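J.: sequence plus predicted model, see below.
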Amino acid sequence: MLILAGLGNPGAKYAGNRHNIGFMAVDAIARRWRFGAEKSRFQSLISEGFIEAPQGLVRTLVMKPQTFMNESGRAVGDAMAFLKLTPANLVVFHDELDLAEGRFRMKTGGGAAGHNGLRSIASRIGPEFRRARMGIGHPGHKELVLGHVLSDFYKAEEAWVDALCAACADALPLLAQGLDEKYQTEVARLAPAAKFDPRVAARAQD
């Protein structure tokens, strides 16, 4: 079984925030693979279904913790304990400041890099879970980060956000096989993004 946890904050106030791109990704996955109706469980909104992969159907649960970002580990930890899963069965979709807008990278383990949702999950299950890192760019200065992640995507950005989320959904059979590097490559192929350092770009505008 696979758990795909999208990170974000609950409620309409935060729905369009950059910090909520993880929610957007798992919503796209649930739609693409026609998962069941959303329901409340594990302090989350969850939906279940199957991914068609070469080895057969892979049972998958998508979840959006409703504990707020900083307490994401409570929800994810509860689900994993109940289902008796290991970190290898978990993929967390989250916003990544240190990737330019639209860039995508897979990673297993490592630190939280200031991301409180990742820190919370690691505190419950350890750091060796799989991370789907969705680039939202960096505002260039540390003091601007909070406002940046809690601001909505601009209308002009919606095209790449939608394309990235759709690519994450379409390429999912590779992820279900544990082929994380191939999944990363396919997502990037389906939703190509500009190559630049968001910190350098932001400083150039000062």
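T.: Arrived safely. Numbers count the residues shown, from 1 in each chain.

J.: so where's this structure uncertain?
T.: Of all residues in the chain, those with pLDDT under 70 make up the ranges 195-206.

J.: count the residues that sit near the nearest residue to Ser120 once chain neighbours are set aside.
T.: Nearest in space to Ser120, with sequence neighbours left out and distances taken as CB to CB, 6 or more residues apart in numbering, is Gly73 at 3.5 Å. C-beta here means a position set from N, CA and C on the backbone, and glycine is covered the same way. The number of residues packed around Gly73, counting by other CB atoms under 10 Å, is 21.

J.: hmm, Gly73 is touching Ile125, no?
T.: Yes - using CB atoms under 8 Å, Gly73 makes contact with Ile125 at a distance of 7.3 Å.

J.: which residues are in contact with both of those two?
T.: Taking CB atoms under 8 Å, 6 or more residues apart in numbering as the contact rule, Gly73 and Ile125 have no neighbour in common.

J.: check contacts around the residue nearest to Ser120.
T.: Arg119, Ser120, Ile121, Ala122, Ser123, Arg124, Ile125.

J.: hang on, the first one packs against Gly110?
T.: In this case it means Arg119. No - Arg119 lies out of contact with Gly110 (CB under 8 Å); the separation is 11.6 Å.

J.: more crowded one of the two?
T.: In this view Arg119 and Gly110 are compared by other CB under 10 Å, and Arg119 has more residues nearby, 17 against 12.

J.: where does that one sit: helix, strand or coil?
T.: Here Arg119 is recorded as helix under DSSP: H, G, I helix; E, B strand; the rest coil.

J.: just the element for the residue nearest to Ser120, please.
T.: Gly73 is part of helix 72-83 when elements are defined by DSSP states H and E.

J.: could you check the angle the helix or strand following that helix makes with helix 72-83?
T.: Past helix 72-83, heading to the C-terminal end, the next element that is a helix or strand (DSSP H and E) is strand 90-96. Interaxial angle, strand 90-96 versus helix 72-83 (axes from the mean of the first three to the mean of the last three CA atoms, to 10 degrees): 170 degrees.

J.: can you tell me what sits against strand 90-96?
T.: 2-7, 18-22, 25-26, 76, 80, 103, 105, 115, 117-118, 121, 125, 129-136, 149, 168, 175.

J.: neighbour-wise, which of the contacts of Gly73 leads?
T.: Highest neighbour count within these: Ile121, with 30 neighbours (other CB under 10 Å).

J.: how near is that residue to Phe129?
T.: Remark: distance between Ile121 and Phe129 (CB to CB, to the nearest Å) = 7 Å.

J.: strands of this structure, start to end?
T.: Secondary structure of the chain (DSSP state E): strands located at 2-6, 39-41, 44-53, 56-65, 90-96, 104-108, 130-135.

J.: got the angle between the third one and strand 2-6?
T.: Orientation note: strand 44-53 sits at an angle of 130 degrees relative to strand 2-6 (the same axes, to 10 degrees).

J.: sheet partners, orientation included, of strand 44-53?
T.: Strand 44-53 has these partner strands in its sheet, going by DSSP bridges: strand 39-41 (antiparallel), strand 56-65 (antiparallel).

J.: nice, that's everything, thank you.
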